[in-house]
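Need a 3D model of the sequence below.
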Amino acid sequence: MVNLEEYKTMKPGKYWKLPKNKKEQIGKYLNHESYIPMVKYDGYWSRIIIEEDGILIQSRGISKVTGKYGEYQEKVPHIVEELKQVPAGTVLLGELHYPDLTKTLQDVGTILRCKPPKAVKRQESEDKKLVLSLFDILAYDYIDYREEAFAMRLTMLNNVFGYYDTNYVNVAEYKNPGEGEALLGKVWENGGEGILLL
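Residues are numbered from 1 along each chain as shown. Predicted structure coming up:
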């Protein structure tokens, strides 16, 4: 059985960037059959831990003041409400962002950097609410899936969240391997930041 306390202190993984002297190879990676292309949202990375007595949404970084990961759950109650459908013992990774791809990290920060009452107030109108786009599932219903291949976890994430009725929680948009260039073009056309290759 999964020990959720272990996940609360787990250090987030690092992303690899293509070095500047390899930029001419970008096409090779974009359309490679080994990588799943996924939309890169300009928001705040989040770890979601669903416990028996509540939902924890943690930040990527550790606070210099508290020495702990920051928490967002009180700032996005509409997202927490939808996550209550998911069984305890589930751990997810995602990005808190605006649905509009032209909105930036700074825009999202106007919500997540303030205290909960102000954060909630700033999301009163429907077009101001943040959404959560999920890109990984590490555990579900107290079963650990970290050792499974990413493609399998992504399929599982789709199956799990295809079952729940949500407006503010979704699976991040992605395409099949080899379709990175097409997805990148679509993201740029909509004013987005770019894509990830996973």
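
partners of the helix or strand hosting V91, with directions?
Per DSSP states H and E, V91 falls inside strand 90-97. Partner strands for strand 90-97, per DSSP bridges, with pairing direction: strand 44-51 (antiparallel), strand 131-140 (antiparallel).

quick check, distance from it to the centre of its chain.
Counting by C-alpha atoms, centre = their mean, to the nearest Å, strand 90-97 is centred 4 Å from the centre of its parent chain.

For the nearest residue to L92 once chain neighbours are set aside, which residues count as its bridge partners?
Nearest non-adjacent residue to L92, counting by C-beta to C-beta, 6 or more residues apart in numbering: I48, 4.2 Å away. C-betas here are computed from N, CA, C, even on glycine. Going by DSSP bridges, I48 is paired in beta bridges with I57, L92.

Now for this protein: which helix has the highest residue count?
In the chain, assigned by DSSP state H, the helix with the most residues is helix 150-163.

list the helices and strands the helix or strand hosting K28 packs on?
In the assignment (DSSP H and E), K28 maps to helix 26-30. Judged by 3 or more C-beta pairs under 8 Å, 6 or more residues apart in numbering; DSSP states H and E, helix 26-30 is in contact with helix 180-189.

So what touches the helix it packs on?
Here helix 180-189 makes contact (C-beta atoms under 8 Å, 6 or more residues apart in numbering) with 27, 29-32, 35, 37-40, 101, 173-175, 193-195, 197.

filter the residues you listed to the buried ones?
Buried by 16 or more other C-beta atoms under 10 Å: 30, 35, 37-40, 101, 173-175, 193, 195, 197, out of these.

Those: which two are farthest apart?
The most widely separated members of the buried ones among the contacts of helix 180-189 are Y35 and L101, with 21.0 Å between them, by C-beta to C-beta.

any idea how far F161 is from the most centrally placed residue in the chain?
Centroid-nearest residue in the chain: G94, 1.3 Å away (criterion: C-alpha atoms, centre = their mean). Distance from G94 to F161, counting by C-beta to C-beta, to the nearest Å: 10 Å.

what do those two both touch?
By C-beta under 8 Å, 6+ apart, the residues touching both G94 and F161 are 134, 169.
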